[in-house]
Structures are given as C-alpha cells and as structure tokens.
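kindly return the folded structure for what I paste below:
(chains A and B)
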Protein chains: 2
Amino acid sequence: MKPTPSTLALVPFVSVDDMMKIVNTIGPARMIAEIATYIEADFLRWEQFDKTPRVASHSREGVIELMPTSDGETYGFKYVNGHPANMARGFQTVTAFGVLANVANGYPVLLSEMTILTALRTAATSVVAAKYLAPKGAKTMAMIGNGAQCEFQALGFREVLGIETVRLYDIDPAATAKAAKNLEGHGLTVVPCKTAEDAVAGAQIITTCTADKQYATILTDNMVGAGVHLNAIGGDCPGKTELHRDILLRSDIFVEYPPQTRIEGEIQQLDDDHAVTELWQVIAGKTEGRRDARQITLFDSVGFATEDFSALRYIRDQLERTGHFVELDMLADPDDTRDLFGMVQRAG
Amino acid sequence: MKPTPSTLALVPFVSVDDMMKIVNTIGPARMIAEIATYIEADFLRWEQFDKTPRVASHSREGVIELMPTSDGETYGFKYVNGHPANMARGFQTVTAFGVLANVANGYPVLLSEMTILTALRTAATSVVAAKYLAPKGAKTMAMIGNGAQCEFQALGFREVLGIETVRLYDIDPAATAKAAKNLEGHGLTVVPCKTAEDAVAGAQIITTCTADKQYATILTDNMVGAGVHLNAIGGDCPGKTELHRDILLRSDIFVEYPPQTRIEGEIQQLDDDHAVTELWQVIAGKTEGRRDARQITLFDSVGFATEDFSALRYIRDQLERTGHFVELDMLADPDDTRDLFGMVQRAG
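Residues are numbered from 1 along each chain as shown, chains lettered A, B, ... in the order given. This next block holds a predicted model:
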C-alpha cells in the first residue's frame, strides 16, 4: 500500500501568509513587473484560451463570481466576491482564491489565496495596457480612489512605465493619507490632493479605482484633456461605472474581452455595438494602440480570467524559487482507483 | 493590530484524511442516509436556488467542471473533473473539491475535499429518487459497474430502502471481487454475477454506473422488465450514455435539472422536447412519482449542483460534531480593509 496520503493527493497551497512572504521576498514592484510579463505573454496567445464571461451569482449585498479559463494544457479559475458594503462592516470588499489544474488528468496543481494576488495582477494588467496606450514619456499619474489597489498601481507604473509622480485623491482623506504613507521610500513623488480636479492636473495617465456600487461620475468631461491615457478600473460590474459618458465618446476604448466588458465595464453606458478594440490585438501587433499624442485612450478594465490564470501560472513558477507553500491533502488517491470505498474503510 | 491571521482570515478545510475520519466516525451507510435528508430538504425548496448548467471545460482527455449554486444565504460550488482514461494511468476518474460561502459578505466558510463526498452524495441522491420511484418492497438491486461508486450505492440502498441483496456485475471481474469483498459484513447478501443479464435477474432496482466515455449499451431493451426502477448514473456527459434508446422510450423519466440532463444524461439520445419529470416536483408532491407496479421508472441522474450544496451543508454541520478539520489562512484580512498593501509591507 502507498503511504497515505500519496504525493498524487497533495496540492500546493499558498496561504495569505505565504503570499505576503513571496511578495516581500521578490519585492512588490518587481513582482508586479514580472506578473506583467506573464500577462503580456498570455495576451499574445489569446486565441489559444477558452474564454467565457465570468459566472456571477448576484445578491442584494454583492456578487460572487467564478472565472474559469484554459489554454488546453492548464486550466485555471478564480473565486472572487465583490461586496461594496463589506468595508463598513470590517470585511474586505474583494477577497479571492484560485486554482490551477492539469487539463490532461483534471488534477488541481495549485491552490492559492488571490486577494493579494488579484491586487498585484490588476496593477500588472494596467501596466501592460499602459505600455501600449499611454503617451510616450508620461511621468505623472493621477490616482483617483486610494483604496486597496492604489499602492500596487503606483508601484507598477513606477517600475515598468517610469512614472515619477503620483497625485492622490480620495473622497476620504484618510485613504489618501494611508496611501501616501505606504508609498514613502518607494522612489515616487507623492502629491496628496484635495480634489479630483487638482489630482488630474498635469497627469498624462489618470487611474480611477473607486468602490461605490453605483453609476458614479468620478471624472467629468472637462477634467480629461487631449493626450491622456485613462486607466479605468472601478467600473467592473453591472450598474457600477466611474466616468461620464461624454468622456467615453471622446476616447478610443480598449477592453479585455468585449462580451464581459459590455456587461460590466464603463461601456455599459454605450450602445452594444459601440466600437472597441481588444487589447490583445494591440499587443499582438494586429491593430494600433496609441496613434498620436492628442488621442485620449481609455483602458476599460474589468479584470479577465486569463489575467488570473497568468498570475497563478507565475505563482506556481515561484514555488520552488521561494519555498513559501504547504501541501494540502486535497485529492483522494486510493491504491486501486476503483477502490475509493476500500480506502475509506481501511482508514477506519 | 489584530493577531495575524485573524479569525476572519481562516476557512475550515476538510482534507481527504479528515473526510475519511468523518465517514468512519459516523459510518458510511448512516452518513449517506443523513446526506439524503439534506438533499431531500433542498429539493423541497428547489425554487429558492439559483440554478445553472455546470460550466464545463472539455478537452480530448476529459472535462473539468464548476458547479455553482446559491440559496440566497449560502453560495456553493464544486470543482470536479471527469477523465475516463485516468484509471488506466493510476489516477482517479473523478476528483473534486468544493466551497461554501456566505452570500452576505462573499467570504468562504468551508473548503472540503469532495472526491469521497461526491461518492456519498451521488449514492444519497439515488436513494432519495428511489424512495419516490422504486417499487414498494424492493429487496434486490442489480449493480452494473462495480467501480468507485458501487459500495456507496449498495450501502445507501440498504440503509434507506431496505435492500437486502445486491447482484454485482462488471466487465472486469476484479472490480466485482473488490466490491464483494468491501461489502462483507455490511448486512447485505452479495451475489457476484458473470453477465449483466444474470445480474438483473429478479432485481426490482437496476443501478448502472460504468465509466466509459462513449455511447455504450450496458442494458438492452429485453433486459428490463415491467415494474423495474432504473437508477442510471453513468450517463453523465455529452457522448456518454449507458442505456439502449428503446428502454428510454418505455420508461417514465425523472431528472434533476432538465437543461443539464438534456445535454449530459441518457436523454441526450431523445428529442429535445421528450417529456421528463423533474424530481423535485415529485418530492414536493406537485406531481406523481411511481403510479403503478408495472411502470418502468428511470432516474436519469447526472449530478446537480444543489446536491453538492446539500452535501457541503451537511459537512459544515459536522465540523463541530466531529472536529475533523483544520483552519486555512486563505483570506487576507488587513486591519484597515483599504490597507492591503500596508498589511503586506508590515509583514516583511
């Protein structure tokens, strides 16, 4: 008889504590940059992926979603919730975990916390899009909304795009103060601002990342000048948008996966046939990204399953590098695969 | 600062080892009977559930599926694979794990192995259906296919339906021998048979549970006499059926969730509008189950998300009773929910 549990039964598990150790071993900015290379590589082979809009279970309080995808060799999915009222009750608005599995035999090969990892991959995705869409030589980014995603965005844009200054604004000054303090010593000039108008002044990149579950107008039309790149993250579920519709009409809009973005993104405000460009086509050189210095580009980011897949793939590749995981006895593995009952009975 | 990780970050995890201990503490037959009461209770409130066909990712080798559902208070999903070629390579055909979560805040409240639990819930579901559909006073069941599900079926039918004799047949005599040996001392008369025809002789209930991924004909028309209840489990994915079409045409067919069964069940052999009855309507007294002693009833079972939900709900209720679980640090829980970055940074 094999020892119980056999190695086939074990799935590497990256806990929150493990993930924090991985981030601190590699460094958050470098890790975002490295995840960005995985995301970019997977966007390049976009057509290999099974793609489907996320499977959402909506309730009065929020949403629970499953986001599956597969490249034919590896399958992945993320469980993620979005509950805007959580913050006031002492819970995270978004928590997540994810799994990778071997398509050939269906066995899971990784279980990982993804609350932290989602923050990293969201920043990494923004960075990948901005690489292709932001104006050349951009040095200043406005960050509207200074919640859990804020610092990851700032560090990612510093590391990969060379952003030197971030201008912070949040309706709650405490959030801005929190972000400013966390960003000390990370090589950025941080400018806390008292209004959104002040924050966007002189910024070549404007990132919006607020959490209200409602049609909000974080940016109005007159706040967005020519040549700006908009990185809109917070409009990510039905009924939740951040930008005034007029901004969308002046922008060239880039999205991850149109069937999902039309339901969840800023473009839910537009007609169903409003022209948008798929980001992967820009990355693959099939279509142009930014054409000129006066163009307003908008990355209407809602987060897509392939990005989580890329992030999980990255984490799996760090297991040996960092050693930060434990093995879970998650899969039954009887000696004779037909003898599940016998295995249970003999354990008694 | 809270201690790290705080209790909010912890999710109870039932490993394979824990699940075996739970089964052996409660006893497999009693546990199947108890799960059956949860499944029946949830079928009774069928209309409260969010229902959707499972989300399947098919490959040449098999399928990986996510099966989500929610009753408005609790959300659950199962990850399950089906890889017919696995057995020959020393892997389980089916492995699974599942999660329950709190709809109000989206936080997972249970992670559990479900390879063993699925075997238990499948047997429990068969038993619930047979309670309403099998002929009164049935004492003999034929079990065609003596793989991983076989013993669980036999014990469930003994415990709840009062079955006294099981007649076993498998194309591989070693599988039959395995099942017969495992069933020793469990209060059943076990009759190994050399042919399927022999196995069904005198049986009032015929359970088919084979694993080939193909259109197979485990039962032909002449093998099924009047008054029999057919419990067809193995036809559970597109292209995989076990019964000759003529049997279906002579039977009254009961299913879990028609949109899923028409794709995956025996009835994929029939026209899309062939009349079937939903099992929950029988349980809820909205329609008749078995009408007379000569009727052939067929439970075309493919396994539905609510059954996994019921089984997970049952396991959650056993955590305190048995103590067999560990807590996983799976959810990030910063002091200030907006300060995810600060939490990571301070851990460094």
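
neighbouring strands for the helix or strand of chain A with the lowest mean pLDDT, and are they parallel or not?
The weakest-scoring helix or strand in chain A, judged by mean pLDDT, DSSP states H and E, is strand A:215-219 (a mean of 80). Strand A:215-219 has the following strand partners under DSSP bridges: strand A:241-243 (parallel).

next structured bit after the partner strand?
Proceeding N to C from strand A:241-243, the next assigned helix or strand is helix A:245-250, under DSSP states H and E.

for the first helix or strand past that following helix going along the chain, which helices and strands make contact with it?
Going down the chain from helix A:245-250, the next helix or strand is strand A:252-255, by DSSP H and E. If contacts are counted by 3 or more Cβ pairs under 8 Å, 6 or more residues apart in numbering or on different chains; DSSP states H and E, strand A:252-255 sits against strand A:277-278, helix A:279-283, strand A:297-300. All C-beta spots, glycine's among them, are computed from the backbone N, C-alpha and C.

among these, which is nearest chain B?
helix A:279-283 (19.7 Å; Cβ to the nearest Cβ).

could I get the contacting residues of the closest residue to A:Ala347 other than its chain neighbours?
Distance criterion Cβ to Cβ, 6 or more residues apart in numbering or on different chains; nearest residue to A:Ala347, sequence neighbours excluded, is B:Met20 at 4.1 Å. When contacts are counted by Cβ atoms under 8 Å, 6 or more residues apart in numbering or on different chains, B:Met20 touches A:Met343, A:Val344, A:Ala347, A:Gly348, B:Ile116.

how far away is the fourth one from A:Phe309?
In this structure, A:Gly348 lies at 40 Å from A:Phe309, with Cβ to Cβ, to the nearest Å as the measure.

would you mind telling me which of those two has more residues around it?
In this view A:Gly348 and A:Phe309 are compared by other Cβ atoms under 10 Å in any protein chain shown, and A:Phe309 has more residues nearby, 27 against 11.

pretty sure that one is in a strand, no?
No: under DSSP: H, G, I helix; E, B strand; the rest coil, A:Phe309 falls outside any strand and is assigned helix.

across the sheet, point out what pairs with the residue nearest to it when sequence neighbours are not counted.
Distances taken as Cβ to Cβ, 6+ apart put A:Gly76 closest to A:Phe309, at 4.1 Å, once the chain neighbours are dropped. Judged by DSSP bridges, the bridge partners of A:Gly76 are A:Thr69, A:Leu100.

burial count for A:Gly76?
28.

can you give me the pLDDT of it?
You'll see A:Gly76 listed with a pLDDT of 97.

and A:Asp42, how far is that from chain B?
A:Asp42 sits 16 Å away from chain B, going by Cβ to the nearest Cβ, to the nearest Å.

state the helix or strand in which that residue lies.
Assessed by DSSP H and E, A:Asp42 sits inside helix A:28-44.

neighbouring strands - and their directions - for the helix or strand following that helix?
Downstream of helix A:28-44, the next assigned helix or strand under DSSP H and E is strand A:55-58. Applying DSSP bridges, strand A:55-58 is found paired with strand A:63-70 (antiparallel).

the partner strand to helix A:28-44, inter-axis angle?
If you take axes from the mean of the first three to the mean of the last three Cα atoms, to 10 degrees, strand A:63-70 sits at 60 degrees to helix A:28-44.

list the contacts of strand A:63-70.
With contacts defined as Cβ under 8 Å, 6+ apart, strand A:63-70 is touched by A:49-52, A:54-57, A:75-83, A:103, A:237, A:303-306, A:308-309, B:55, B:57, B:59, B:64, B:66, B:68, B:70, B:75, B:77, B:101, B:103, B:106.

farthest-apart pair in the contacts of B:Met20, please.
A:Gly348 and B:Ile116 (12.4 Å; Cβ to Cβ).

got any residues that touch both of the two?
Common neighbours of A:Gly348 and B:Ile116, using Cβ under 8 Å, 6+ apart, are B:Met20, B:Val23.

packing partners of the helix or strand following the least confident helix or strand of chain A?
Downstream of strand A:215-219, the next assigned helix or strand under DSSP H and E is strand A:229-232. When contacts are defined as 3+ Cβ pairs under 8 Å, 6+ apart, strand A:229-232 packs onto helix A:115-133, strand A:205-208, strand A:241-243, strand A:297-300.

who wins for proximity to A:Thr25 among these?
The nearest among the helices and strands packed on strand A:229-232, by Cβ to Cβ, is helix A:115-133 at 13.3 Å.

after the closest one comes which helix or strand?
Later in the chain than helix A:115-133, the nearest helix or strand by DSSP H and E is strand A:140-144.

who are the packing partners of the next helix or strand after that following strand?
Using DSSP H and E, the helix or strand that directly follows strand A:140-144 along the chain is helix A:150-156. Here helix A:150-156 touches helix A:28-44, helix A:115-133, strand A:140-144, helix A:173-182, helix B:340-347, going by 3+ Cβ pairs under 8 Å, 6+ apart.

could you export helix A:150-156 as CSV, CA atoms only?
This file holds the C-alpha atoms of helix A:150-156, laid out as CSV (Å, rounded to 0.1, in the frame of the first residue of the first chain):
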residue,chain,number,x,y,z
CYS,A,150,-3.8,52.2,-5.1
GLU,A,151,-0.3,51.5,-4.0
PHE,A,152,0.0,48.5,-6.3
GLN,A,153,-0.9,50.7,-9.2
ALA,A,154,1.6,53.3,-8.3
LEU,A,155,4.5,50.9,-7.8
GLY,A,156,3.7,49.0,-11.1
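
output the helix or strand just after that helix in CSV, but only the C-alpha positions, please.
Next in sequence after helix A:150-156, counting helices and strands by DSSP H and E, comes strand A:165-169. Extracted as CSV, the C-alpha positions of strand A:165-169 are listed here (Å, rounded to 0.1, in the frame of the first residue of the first chain):
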residue,chain,number,x,y,z
THR,A,165,4.9,61.4,-9.6
VAL,A,166,1.6,60.1,-8.4
ARG,A,167,-1.2,62.6,-7.5
LEU,A,168,-3.6,61.0,-5.0
TYR,A,169,-7.2,61.8,-4.4
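
coming back round to it: next up, the contacts around the residue nearest to A:Phe309.
Contacts for A:Gly76 (Cβ under 8 Å, 6+ apart) come out as A:Pro68, A:Thr69, A:Ser70, A:Gly98, A:Val99, A:Leu100, A:Ala101, A:Ala305, A:Asp308, A:Phe309, A:Leu312, A:Arg313.

please report how far it lies from A:Ser112.
10 Å.

what is the neighbour count of the nearest residue to A:Phe152 once chain neighbours are set aside?
Excluding the flanking residues, the one nearest A:Phe152 by Cβ to Cβ, 6+ apart is A:Ala123, at 3.8 Å. Here the count is done by other Cβ under 10 Å, and A:Ala123 has 32 residues near it.

quick one on the thing from earlier: of all the helices and strands packed on strand A:229-232, which one comes closest to B:Glu164?
Nearest of those (Cβ to Cβ): helix A:115-133, 53.0 Å.
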